[in-house]
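> The sequence and its predicted three-dimensional model are supplied below.
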Amino acid sequence: MKFAATIIASLITVLPMANAWIFSTTAGQWDGENNRRCTKASSSAGDVIDWENEWGSDCTLRVYSDSKCRTQIGIASDDWNDHELSTGMGSFKVSSC
């Protein structure tokens, strides 16, 4: 019985965070559980970014070269651990959460 209670308690703590994400760049760090509108975040080619998407989440990161989210240079729904930018980044947004 104690084992079952432990399993249930563990699942309950994870369920509310089903769409949690964290995005880190040289410009800062953002997190959330919902979509995020176009956000200015400047990083240079060669800089490292990190996208952590909670397991089971449908959230998608889109990275843009300009500051107004017009020219997409990358997309990720799965984790991007220590991803090196091949092109400078000017903005990002998160969708499909």
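All right, it came through fine.
> Can you get me a residue count around Lys50?
No Lys there; residue 50 is Asp. 14 (other C-beta atoms under 10 Å). Using the backbone N, CA and C atoms, a C-beta is placed for each residue, glycine as well.
> Isn't it up against Leu85?
No: in this structure Asp50 lies outside contact range of Leu85 using C-beta atoms under 8 Å: 11.3 Å.
> show me where this protein has strands.
Counting by DSSP state E, the segments of the chain that form strands are 21-25, 28-32, 36-43, 48-53, 60-64, 72-76, 80-84, 89-95.
> where does this structure have low pLDDT?
1-19 (pLDDT under 70).
> The same query, at a cut-off of 50, please.
Within the chain, the ranges that satisfy pLDDT under 50 run 1, 3-18.
> tell me the contacts of the spatially closest residue to Ala45 that is not a sequence neighbour?
Leaving out its chain neighbours, the residue that sits closest to Ala45 by C-beta to C-beta, 6 or more residues apart in numbering is Gly88, at 5.0 Å. Taking C-beta atoms under 8 Å, 6 or more residues apart in numbering as the criterion, Gly88 is in contact with 42-45, 65.
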